[in-house]
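**Q** mind folding the following:
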Amino acid sequence: MLNFTSAATAILRNHLPESPEAGYRLLMQKSCSNVKYTLRLENEIRANDELVELEGGIKLFIDSETFPMVDNTKVDFVEENNQSGFVFDNPNITKSGCASCESGC
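**A** The predicted structure is shown next:
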């Protein structure tokens, strides 16, 4: 289960179109040294997607391969030092580099 804070859901709700099909696709890209998350607007669920409904009827579309990797992730929206953005606290991701990456990725 994904856990979105009230601050995060408020931001998503404010940017969601009025269409009943509209939602957000959660994408996750892993590299040697970090993980990048993307939330983008999307209007339909795909055949291999899991559908997660957040507070207020906000839909998240997550592909079936990514879904287990984001289980128990806490998502917050933070504004500090003139910057703002979503912060993902994912207990499934370890913070170690990879042995095959000599460049430090």
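
**Q** only C-alpha atoms from now on, for both contacts and neighbour counts.
**A** OK.

**Q** in the protein, which spans are strands?
**A** Taking DSSP state E, the strands of the chain run over residues 3-4, 23-30, 35-42, 49-54, 58-63, 74-80, 83-89.

**Q** which positions in the fourth one come out as buried?
**A** Buried positions in strand 49-54, judged by neighbour count with 16 or more other C-alpha atoms under 10 Å: D49, E50, L51, V52.

**Q** partner strands of it, parallel or antiparallel?
**A** Sheet pairing here is set by DSSP bridges, and for strand 49-54 it gives strand 58-63 (antiparallel).

**Q** center of the protein, which residue is that?
**A** By C-alpha atoms, centre = their mean, the chain has its centre lying nearest to L26, at 4.4 Å.

**Q** how far away is it from D76?
**A** Distance of L26 to D76, computed by C-alpha to C-alpha, to the nearest Å: 14 Å.

**Q** re the thing from before, I'd say the residue nearest to the centre of the chain and S64 touch.
**A** No. With contact defined as C-alpha atoms under 8 Å, L26 does not reach S64; the gap is 11.2 Å.

**Q** and for the closest residue to the residue nearest to the centre of the chain other than its chain neighbours, the neighbour number?
**A** Counting by C-alpha to C-alpha, 6 or more residues apart in numbering, L26 lies nearest to L39, which is 4.8 Å off, once chain neighbours are set aside. L39 has 15 neighbouring residues, counting by other C-alpha atoms under 10 Å.

**Q** same check, this time on V75
**A** 19.

**Q** over to E18?
**A** Neighbours around E18, by other C-alpha under 10 Å: 8.

**Q** give me the pLDDT for it.
**A** Note for E18: predicted pLDDT of 90.
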